[in-house]
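Trainee: this is a predicted model, with the sequence first.
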Amino acid sequence: MSNDLKKIPVSDIFSNRNYLVPIYQRNYAWSETQILQLIEDIESSIDNLNKNYFLGNLIVNRTDNNVYEVIDGQQRLTTLYLLQKYLGIRFAKEALRFEAREKSNRTLAYIRDSKNNELIEELSSAEILNGFRIIDNYFKSKSEDKLSVFSEKLKRVFLVRVQVPQNIDLNHYFEIMNTRGEQLELHEIAKAKLLEVLESNHDKNIAAMIWEKCSDMNSYVQMNFDLSVRKTIFTEDWSSLCQSIKDFDSIKNKIPTEAESIDKISLIDILKDNRILNVSTKEFEDENERFESTISFPNFLLQVNAVMRKLGEEDSSLDDKHFLNNLSWAWSTPQKSKDFLFTLLKCRVLFDKYVLKREFARDYKETGKWSLQRLERYRDNKNKNDKPKYVGTFGGEGNYNKKLRTLQSCLRITYTSPKTMHWITVILSELLENEETDIIELLERYCMKKVIDSDYQNRNGFGVERIVFSYLDYLIYRDGYSSEGKEIISPISDDWQFQFRSSIEHFQPQNPVEGEHWNEEDLNSFGNLALITVSGNSKFSNLPPAGKMNSYPSIINQSLKLKIMERMTIIEDGKWTEAKARKHREEMFKILKNF
């Protein structure tokens, strides 16, 4: 392997190396979702020490004083630094520094040196500190043996460090990287393979058009097409493909293309050249800013592959470790390439219509909210042109739409890694066969099987799987909850939604700062547990139940199960007791069993 391209185990990435994050890079900004996904990807991908996992590329520029300037990949690299410091892996004192960012460097030094005095909040990087706390909260429940096993896994997880050419204009290079959005990746190679096998200029143009329009996941796919094409292949209201569009050739027959000859273009040329029917068609520039897809385009390609090949969860169908090999069947013949591309478009229309997104608009522009909407055309009589509008997929904000949106968000916050989002495959597979499928019934069966398979009745403490907590909260949301004739939680409440939760909370703390200690069985019983965010768990710390309720009502609100526990604490003596926890456990299990 050349000096410009080096495969390095994550465990050695900071060994005898110093990295500098240049000033033109943005601050560290990874959230709980991204950090936990990185950790869980490593956990799940290395199921024994004989397997390897590729984590991605690190683009660097090696300076004269033997420091590596980080051009691309600094968010992942900073997270790996925090992760290794938590695990106690030793490396150089200034293995990672930020140029002209004293708060960031001061915080790294604080994390590095346990003998430091308390860090003054105003002089620290809240983002880096929060990242370290998220890692701490994830691992603090793990045994020393499990921490050691995870550290060993890092020896089998690899980054490819890519050295940019000498004397390159780094500012220009970084600008190109930013504009393009990502490095050359496996899904781009897949695109080239699919186009290369097609036989005619017309076929290649249509294939490139479908690929490019489907690849923008953060807007509704209809809006990615030029208006003339949109009117040709979609229904009058833009919500679905026309009935006459039944395969790849039916699209080709409706759309004339330029006479540019591209039959002789090589694989490398296709990778380098995006001219093939790749015209910018955005009439509405805020489309990409309003919605955020549940999965990325490469993950969506694996979903389509799993749907077409009828792969189950046991096939690791959504694992990207063998991305090109998994898709290679699709470019084995011209017809298979066409079939894959047509199914890609068809699945993308269904995905946008029936799978939830995050929406950023109006009073939730900064925080976002769960969204399950379909796109429709409406006529702007003032300007005499057609515009998109977004309405609830199932009749505005009716109960069915709310229930399905909440059910999908239950699954979304439980299975955070794209390789575990098999519920999306289930939806797409059924809808391709019959778009009238009852999706709520479909996903409720899916969830209940997961709950039953988890053996939840015989689990306790951190052994209870997250789907049990999440699905129970969905059932309480759906049906409400009453006790002794009094409604405690109303069904289908508009002011509650799932948050990204991954931390199991002991309502009666494991190490209380005051009050009595519970026996281990009741302490770790399902009746004393709830699922909340990592940051919420950190704030709760070892406060007694009454202290948690009084100080952090917004955290209590993260879990409907926890709200019931709060109510039970208030009644009678105002205390949370072992007897109440046992009663609560029985009532929650009854809800799950009855369903």
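Mentor: Received, thanks.

Trainee: remind me, longest helix of the protein?
Mentor: Longest helix in the chain by number of residues (criterion: DSSP state H): helix 334-354.

Trainee: buried residues, that helix. List them.
Mentor: 334, 337-338, 340-354 (16 or more other CB atoms under 10 Å). To be clear about C-beta, it is placed using only N, CA and C from the backbone, and glycine gets the same treatment.

Trainee: for stretch 450-463, same thing?
Mentor: 450, 451, 454, 456, 460, 461.

Trainee: want to throw the residues you listed into TSV with secondary structure, pLDDT and distance to residue 412?
Mentor: Below are the buried residues of stretch 450-463 laid out as TSV (DSSP: H, G, I helix; E, B strand; the rest coil; pLDDT from 0 to 100; distance: CB to CB, whole Å):
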residue	secondary structure	pLDDT	distance to residue 412
450	helix	97	14
451	helix	97	17
454	coil	96	18
456	helix	96	20
460	coil	93	26
461	helix	93	25
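
Trainee: adjacent strands (with direction) for the helix or strand harbouring residue 8?
Mentor: Per DSSP states H and E: residue 8 is located in strand 5-9. Strand 5-9 sits in its sheet next to strand 157-163 (antiparallel), going by DSSP bridges.

Trainee: which residues of the stretch 351-500 of the chain fall in helices?
Mentor: 399-414, 422-433, 439-453, 466-479 (DSSP state H, counting those that start in this stretch).

Trainee: count residues in the vicinity of the closest residue to residue 234 other than its chain neighbours, would you?
Mentor: Spatially, and ignoring its direct neighbours in sequence, residue 234 is nearest to residue 222 (5.6 Å; CB to CB, 6 or more residues apart in numbering). Residue 222 has 23 neighbours, counted by other CB atoms under 10 Å.

Trainee: phi, psi of residue 222?
Mentor: phi -60, psi -40 (degrees, to the nearest 10).

Trainee: please look at it and residue 230 and confirm they touch.
Mentor: Yes - when contacts are counted by CB atoms under 8 Å, residue 222 is listed as touching residue 230 (5.8 Å).

Trainee: please enumerate the shared neighbours of these two.
Mentor: residue 238 (CB atoms under 8 Å, 6 or more residues apart in numbering).

Trainee: quick one: low-confidence ranges for this structure?
Mentor: Low-confidence segments of the chain, defined by pLDDT under 70: 1-4, 48-50, 114-123, 166-185, 257-289, 396-397.

Trainee: what sits against residue 255?
Mentor: Residue 255 neighbours (CB under 8 Å, 6+ apart): 206, 209, 229, 232, 233.

Trainee: would you map the helices across the stretch 51-200 of the chain?
Mentor: So, for the stretch 51-200 of the chain - with DSSP H, counting those that start in this stretch - the helices run 74-87, 102-112, 126-139, 144-153, 170-180, 186-197.

Trainee: same for the third one, what does it pack against?
Mentor: Pointing back at helix 126-139 there. Judged by 3 or more CB pairs under 8 Å, 6 or more residues apart in numbering; DSSP states H and E, the packing partners of helix 126-139 are helix 32-45, helix 74-87, helix 102-112, helix 534-540.

Trainee: so which of these is the most packed in?
Mentor: helix 74-87 (a mean of 21; mean count of other CB atoms under 10 Å).

Trainee: by how many degrees do that helix and helix 144-153 diverge?
Mentor: 140 degrees (axes from the mean of the first three to the mean of the last three CA atoms, to 10 degrees).

Trainee: returning to that earlier point: dump the C-alpha coordinates for the longest helix of the chain into CSV.
Mentor: Output of helix 334-354 as CSV, limited to C-alpha atoms (Å, rounded to 0.1, in the frame of the first residue of the first chain):
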residue,chain,number,x,y,z
PRO,A,334,-28.9,-5.0,-18.5
GLN,A,335,-32.4,-6.1,-17.6
LYS,A,336,-31.5,-6.6,-13.9
SER,A,337,-29.9,-3.2,-13.8
LYS,A,338,-33.2,-1.7,-15.2
ASP,A,339,-35.3,-3.7,-12.7
PHE,A,340,-33.2,-2.5,-9.8
LEU,A,341,-33.4,1.2,-10.9
PHE,A,342,-37.1,1.1,-11.5
THR,A,343,-37.7,-0.6,-8.1
LEU,A,344,-35.4,2.0,-6.6
LEU,A,345,-37.7,4.8,-7.8
LYS,A,346,-40.9,3.0,-6.9
CYS,A,347,-39.6,2.3,-3.3
ARG,A,348,-38.5,5.8,-3.0
VAL,A,349,-42.0,7.2,-3.7
LEU,A,350,-43.4,4.7,-1.1
PHE,A,351,-40.7,5.6,1.4
ASP,A,352,-41.4,9.3,1.2
LYS,A,353,-45.1,8.7,1.6
TYR,A,354,-45.2,6.1,4.3
